[in-house]
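Asker: let me see the structure of the following:
(one chain, ligands or ions: 2)
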Amino acid sequence: MRQYNIPENSIITVAGTVGVGKTTMTKRLADALGFQASFEQVDVNPYLDLFYDDFKSWSFHLQIYFLAERFKEQKRIFNVGGGFVQDRSIYEDADIFARMHYENGTMTEVDYKTYVNLFEAMVLTPYFPQPDLLIYLDGPLEYILERIHQRGRPMEVKTADEYWVELHSRYENWIRNFDLCPVLTLNIKDYDLNNQHSLESIIKRVEKSIKKPDAN
Ligand SMILES: Nc1ncnc2c1ncn2[C@@H]1O[C@H](COP(=O)(O)OP(=O)(O)O)[C@@H](O)[C@H]1O
Ligand SMILES: Nc1ncnc2c1ncn2[C@H]1C[C@H](O)[C@@H](COP(=O)(O)O)O1
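Answerer: Residues are numbered from 1 along each chain as shown. Ligands and ions are numbered 1, 2, ... in the order given. Prediction:
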């Protein structure tokens with residue numbers, strides 16, 4: 001395997017809205033770098049279908065479930081060590097999804113406050129070092145909607161497009177203000193992961209952007 005100028009214990013988080021291509025990017029990048037991958041487990045999530053049927057009744061349960069899952073994954077990453085590529089950051093749960101449901105009235109204020117308290121307590125533990133790089137995947141909304149429909153998860157396909165439109169717009173605002181670690185933004189129109197040159201050029205950009213051990 002080719003050696004890259006990327007510290008071997010780096011943590012790279014792939015962020016972006018639903019359907020943009022995080023899981024696919026996580027797999028390809030982890031394989032190319034010889035890193036381990038950490039995924040969201042969508043198929044076994046007991047709340048996801050219930051949530052998409054009725055946001056108001058299930059948004060708190062779902063957020064707590066995601067928080068617990070991410071905490072377990074963070075602990076695993078911390079204990080196993082080595083380089084990891086991670087499919088979605090915990091920041092997106094709190095700053096985008098939970099906040100959106102609270103602001104739209106599909107999560108109560110008391111539930112939101114409880115969630116934020118728990119989130120803040122968790123990110124202060126040693127299991128949540130800031131990533132060395134956040135790769136932000138962005139692209140035109142119509143591409144993303146097409147991917148959601150083409151992937152065909154039933155609960156997502158039946159969800160009104162307005163939900164994805166709002167999510168996309170919240171992501172764009174969020175990334176403009178995100179400063180917890182270096183960010184590399186990739187537009188999905190500009191790469192093709194089936195093309196080795198395209199993947200190599202992404203890795204070159206990762207090499208340039210990632211936090212190196214001697215950096216502050
Ligand atoms: N670079 C790409 N080019 C074309 N299709 C892609 C690309 N990346 C992902 N897809 C497709 O788009 C859909 C969503 O991708 P996925 O990686 O599951 O997104 P996410 O994890 O962000 O929800 C899947 O059907 C996947 O095969
Ligand atoms: N924190 C979250 N709140 C609500 N919904 C969420 C959250 N994190 C993920 N999701 C949903 C969105 C998708 O339907 C699936 C998986 O996300 P993906 O972006 O496809 O990895 O879970």
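
Asker: residue 188 against residue 21, yeah?
Answerer: Yes - at 5.7 Å, residue 188 and residue 21 qualify as touching, with contact defined as CB atoms under 8 Å. Every residue, glycine included, has its C-beta placed from N, CA and C.

Asker: quick one, strands of the protein?
Answerer: Along the chain, the stretches classed as strands by DSSP state E are 11-15, 36-38, 84-87, 133-138, 183-187.

Asker: let me know the distance separating the most centrally placed residue in the chain from residue 161.
Answerer: Residue closest to the average C-alpha location in the chain (CA atoms, centre = their mean): residue 88, at 1.6 Å. Relative to residue 161, residue 88 is positioned 21 Å away (criterion: CB to CB, to the nearest Å).

Asker: rewinding a little: JSON lines please, covering the strands of the chain and showing mean pLDDT, distance to ligand 2 and mean neighbour count.
Answerer: JSON lines is the format used below for these (pLDDT from 0 to 100; distance: least, CB to the nearest ligand atom, whole Å; neighbours: other CB atoms under 10 Å):
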{"stretch": "strand 11-15", "mean pLDDT": "98", "distance to ligand 2": "10", "mean neighbour count": "26"}
{"stretch": "strand 36-38", "mean pLDDT": "97", "distance to ligand 2": "12", "mean neighbour count": "18"}
{"stretch": "strand 84-87", "mean pLDDT": "97", "distance to ligand 2": "6", "mean neighbour count": "26"}
{"stretch": "strand 133-138", "mean pLDDT": "98", "distance to ligand 2": "10", "mean neighbour count": "23"}
{"stretch": "strand 183-187", "mean pLDDT": "98", "distance to ligand 2": "16", "mean neighbour count": "16"}
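
Asker: can you redo those strands as JSON lines, where the extra columns are distance to ligand 1?
Answerer: Shown next, in JSON lines, are these (distance: least, CB to the nearest ligand atom, whole Å):
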{"stretch": "strand 11-15", "distance to ligand 1": "8"}
{"stretch": "strand 36-38", "distance to ligand 1": "12"}
{"stretch": "strand 84-87", "distance to ligand 1": "6"}
{"stretch": "strand 133-138", "distance to ligand 1": "7"}
{"stretch": "strand 183-187", "distance to ligand 1": "10"}
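
Asker: reformat those strands as CSV; add distance to residue 98.
Answerer: Shown next, in CSV, are those (distance: least, CB to CB, whole Å):
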stretch, distance to residue 98
strand 11-15, 15
strand 36-38, 20
strand 84-87, 18
strand 133-138, 18
strand 183-187, 21
